[in-house]
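[1] Structure for this input, please:
(chains A and B)
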Amino acid sequence: MSEQKLPLLKVKDLHVYYGAIHAIKGISLEVFEGEIVTLIGANGAGKSTTLNTIAGLLKPRQGSIVLDGVPVGGTSASKMIYKGLALCPEGRRVFQQMTVKENLEMGAYSRPNSEIEDSLADVFARFPRLKEREKQIAGTLSGGEQQMLAMGRALMSKPKLLMLDEPSMGLAPILVDQIFEIIQELHASGATILLVEQNAQMALSVADRAYVLETGAISISGTASSLLHDDKVRKAYLGN
Amino acid sequence: MIFLSNLVNGISLGSIYAIIALGYTMVYGIAKMLNFAHGDVIMVGAYIAFCALQYWNLPPVLALIVAMLVCTALGITIEGLAYRPLRQAASLAVLITAIGMSYLLQNLALLIWGPNPKSFPATTMMALPTFSLFGGKLNISGVTLVAILANIVIMLVLTTFISRTKVGKAMRCVSEDRGAAELMGINVNRTISTTFAIGSALAAVAGILLCSAYPTLMPTTGSMPGIKAFTAAVFGGIGSIPGAMIGGILLGVIEILGKAYISTELGDAIVFAVLIIVLLFRPTGLLGKPIREKV
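    The predicted model follows:
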């Protein structure tokens, strides 16, 4: 880790409320270029809330979010993608009634038309399955295929930072392996990823660094390998 | 032959309903709200065309364009002033606002144009001959044919627009999942505004067609066709563009045939009775998508 380099994403003292409920209580985290950073934690710890706030779907009450040197806190979700941030949301949320290709094209909505073909070729090369199903309606794809489509759609915008929210949720074990293989391939090709996962074992095995979230605050952070061997983490999240 | 004539008239009236129903169905599909002021936008469109022809002596084509432009601006204004601030509000609040907007438009029209019915210059608007077929047994007026043609053209253009263009695809995204659409970089407010603009421009077209066929213009002219077109949209499956077309045409045909063969007085009642029956058996309308639980 090069400490002198500026982080691509720097979140400082973030506070988020749902009405009167204080959901995120002062989270700070950093993601450096080329890293996979994972946020793990139990259900309701605030993992998705954190990602949704960084993506602009929720407004923070307090705190700063800086992406690539630009303060972006409070920017609306529809503008964040133009600043180089893509969120692949929890539950995939592909456009069910559109074809696979249309979904991918919508992923590149923020980019000039002339660049769409290029991105499309890249995504199809990474996900040959999507190429095979190009004209199929997204709602008829299997869960794993929909996850690939959601990830492909997020990649279509050529983001500086890709945020993945529970990519393995509800998938069969073999598909979980496949999704994590893809995440590793993305890492190898230089992508910067902020990953939220309930499957802590898998997440820690692909990540460089990790933060453990407990009821809206970070309880433990460090390199992924150190957390994999941390007794508290093993007990609480890895089940042994 | 009288039956054929009634049928053609029914399809023509239904085409007008279909054009109005598009406004309801698109706004419902994309903004998830029922814009009950839509019928009154028709009335405003007709009054603008009336003024353009009668007072400003504009040619019919310009009258149509001016009416469409004014209604487009009106639609965008209504959405921006009355509905946008309620985006996060309960749907009942939006519905009541829409009803209030409907009364506001009617009363503004009353204030501007007075309570007395105006005679819409239908022959100036559409100086078209009546077509005689089968040696004069079947007479079809020019307006009847124009309404049917206009409906077909509008449906084709709109369907292509929604399925092919970037703005059209953005509309489909917002319709399906507003949050995911935002993540793509789609400006949801602007998309909804565009939807109102298109629906309102079509309302102007419908208003002119309606008043060319039935040339009495009053501040309440838009309400009954508005409610019937809303019925047509629900009948066909609200949110569906082909549904609006099928629902509109069926409704027009049922209304005209009901009036001709069952009872003139009960014509409107028959229309709504059919709606109730359809909804009993198909709650989402003829082409409506069954409501699915999200996984």
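
[2] Where does the prediction get shaky in chain A?
    Across chain A, residues meeting the criterion (pLDDT under 70) sit at A:1-4, A:240.

[3] Checking the closest residue to chain B within it next. Helix, strand or coil?
    Sorted by distance to chain B under C-beta to the nearest C-beta, the residues of chain A start with A:S110, at 3.6 Å. Yep, even glycine has a C-beta here, placed from its N, CA and C like the rest. Look at A:S110: counting by DSSP: H, G, I helix; E, B strand; the rest coil, its state is coil.

[4] Any idea how many residues pack against it?
    Residues contacting A:S110 under the criterion other C-beta atoms under 10 Å in any protein chain shown number 21.

[5] Spell out which residues sit in contact with the residue lying closest to B:L251 once chain neighbours are set aside, please.
    Spatially, and ignoring its direct neighbours in sequence, B:L251 is nearest to B:A232 (4.4 Å; C-beta to C-beta, 6 or more residues apart in numbering or on different chains). Counting by C-beta atoms under 8 Å, 6 or more residues apart in numbering or on different chains, B:A232 touches B:G14, B:Y17, B:A18, B:I20, B:A21, B:A244, B:G247, B:G248, B:L250, B:L251.

[6] Please, which helix or strand holds the third one?
    Meaning B:A18. According to DSSP states H and E, B:A18 maps onto helix B:2-31.

[7] ok so, going back, how close does the residue nearest to B:L251 sit to B:A197?
    B:A232 is 21 Å from B:A197, where distance means C-beta to C-beta, to the nearest Å.

[8] and if you look at B:T159?
    18 Å.

[9] Those two - which one has more neighbours?
    Under the neighbour definition other C-beta under 10 Å, B:T159 and B:A197 were set side by side, and B:A197 has more, 18 against 14.

[10] who touches the nearest residue to A:L8 once chain neighbours are set aside in this structure?
    Residue nearest to A:L8 in three dimensions, not counting chain neighbours: A:E33, with 4.8 Å by C-beta to C-beta, 6+ apart. A:E33 makes contact with A:K5, A:L8, A:T192 under the criterion C-beta under 8 Å, 6+ apart.

[11] ditto for A:T215
    A:K25, A:G44, A:A45, A:G46.

[12] quick one: which of those is most hemmed in?
    Neighbour-wise, the contacts of A:T215 (other C-beta under 10 Å) top out at A:G46, 25 neighbours.

[13] Enumerate the residues of chain A near chain B.
    A:55-57, A:76-82, A:86-87, A:89, A:91, A:93-98, A:102, A:105-107, A:109-110, A:113, A:153, A:157, A:170 (C-beta under 8 Å from any C-beta of the partner chain).

[14] So which residues on chain B come close to chain A?
    B:166, B:169-170, B:172-173, B:176-177, B:179-188, B:294-295.

[15] Give me the subset of those lying in strands.
    In strands, judged by DSSP state E, none of the residues of chain B next to chain A are found.

[16] Show me how to select, in PyMOL, the buried members of these.
    A single PyMOL command selects the buried members of the residues of chain B next to chain A (16 or more other C-beta atoms under 10 Å in any protein chain shown):
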select buried, chain B and resi 169+170+172+173+176+177+180+181+182+183+184+185+186+187+188
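
[17] can you pull out the strands in the stretch 51-200 of chain B?
    B:118-119, B:131-133, B:138-140 (DSSP state E, counting those that start in this stretch).

[18] which of those has the lowest average pLDDT?
    Out of the strands of the stretch 51-200 of chain B, strand B:131-133 stands lowest, with a mean of 77 (criterion: mean pLDDT).

[19] quick one, phi psi at the closest residue to chain A within the stretch 151-295 of chain B?
    Closest residue of the stretch 151-295 of chain B to chain A, C-beta to the nearest C-beta: B:G185 (3.6 Å). Dihedral pair for B:G185: phi 100, psi 10, per degrees, to the nearest 10.
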